[in-house]
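Colleague: predicted model and sequence follow; I will ask about them next.
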Amino acid sequence: MEDRAKKVIYVQTYGTEARDRMATPIYLAAAAAAMDMDVSIYFTVHGPALLKKGVPETLLVQRVDGDGAPIGHFLDQARELGVRSLVCQPSLDLNGLKMEDLIDGVEMIGGAAFNDIAVDADAVISF
Amino acid sequence: MSGAGMSDTKAKVLDCRGLLCPVPIIRLSKAVKAIAVGERIQMIATDPGSDPDMKAWEKQTGHKLVSSHHEGNEFHFLVERAR
């Protein structure tokens, strides 16, 4: 094991339209953080809609056997472990959102910053 | 790894039976941060992915998986905080 924590970035493109797919990157991000990795989730395309105020606590994860817990439960679990939530401006525009529409604790970055994080990361995992 | 050392009476028990991935690893991570270096935790899980997950967790975190064995559908792991 190296001294520097390994960096992993998950790219979340699914939003509220994909209740069966939206939770997996968040589960994996939490597991990576529990392995002492430096973890971020970059919400883009439809992803930022998951971070709109009022959504995390009400949008239920869809399972084959019915509805599970709200997505906010899993987001909080990941964030408590140190997982960072990132968005960029164009992806907010695409969803008709502004920073103030989002839940607290989301960081704004740009496309250049995302690419910088990606090339420096040990793994970039896209959903 | 072997079954030796599983009867560590000083180890705290972390019962993760019935919990699914990634919850056992999250609970273990928190529990290990709460003990001192050199102390141990005995974790019991029923998640079928526990065995490969614990090996990966050991490899990435540097903490020590002292021993592991299964009993029926239960996996028993003895973990030592290494740093």
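Modeller: It's in.

Colleague: what strands line up against the one helix or strand residue A:86 maps to, and which way round?
Modeller: Following DSSP states H and E, one finds residue A:86 within strand A:84-88. Here strand A:84-88 has these sheet partners by DSSP bridges: strand A:38-43 (parallel), strand A:106-109 (parallel).

Colleague: for that strand, the averaged confidence score.
Modeller: Mean per-residue pLDDT for strand A:84-88: 95.

Colleague: what's the answer for stretch A:10-17, then?
Modeller: pLDDT averaged over stretch A:10-17 gives 97.

Colleague: give the buried residues for it.
Modeller: By neighbour count on 16 or more other C-beta atoms under 10 Å in any protein chain shown, the buried set for stretch A:10-17 is A:10-15. Every residue, glycine included, has its C-beta placed from N, CA and C.

Colleague: now swap in stretch A:100-107 and tell me
Modeller: A:101-103, A:106.

Colleague: out of those, who's nearest chain B?
Modeller: Chain B lies nearest to residue A:103 out of the buried residues of stretch A:100-107, by C-beta to the nearest C-beta, at 20.6 Å.

Colleague: pretty sure the closest one contacts residue A:53?
Modeller: Yes - counting by C-beta atoms under 8 Å, residue A:103 touches residue A:53, with 5.6 Å between them.

Colleague: let's check: the centremost residue of chain A is which one?
Modeller: residue A:41 (3.6 Å; C-alpha atoms, centre = their mean).

Colleague: ok, now how distant is that one from residue A:11?
Modeller: 8 Å (C-beta to C-beta, to the nearest Å).

Colleague: show me what the residue nearest to the centre of chain A is bridged to.
Modeller: When assigned by DSSP bridges, residue A:41 has beta-bridge partners residue A:10, residue A:85.

Colleague: can you list the residues of chain B near chain A?
Modeller: B:21-22, B:25-26, B:28-30, B:53, B:56-57, B:59-62 (C-beta under 8 Å from any C-beta of the partner chain).

Colleague: any idea which of these the model trusts least?
Modeller: residue B:21 (88).

Colleague: OK, contacts around that residue?
Modeller: By C-beta atoms under 8 Å, 6 or more residues apart in numbering or on different chains, the contact list for residue B:21 reads A:27, A:31, B:47, B:49, B:53.

Colleague: again, but for residue B:11
Modeller: Counted by C-beta under 8 Å, 6+ apart, residue B:11 has contacts B:39-42, B:78.

Colleague: what of residue A:40?
Modeller: Counted by C-beta under 8 Å, 6+ apart, residue A:40 has contacts A:7-10, A:29, A:83-86, A:117.

Colleague: picking up where we left off before, who touches both of residue A:41 and residue A:11?
Modeller: What both residue A:41 and residue A:11 touch, as defined by C-beta under 8 Å, 6+ apart, is the set residue A:25.
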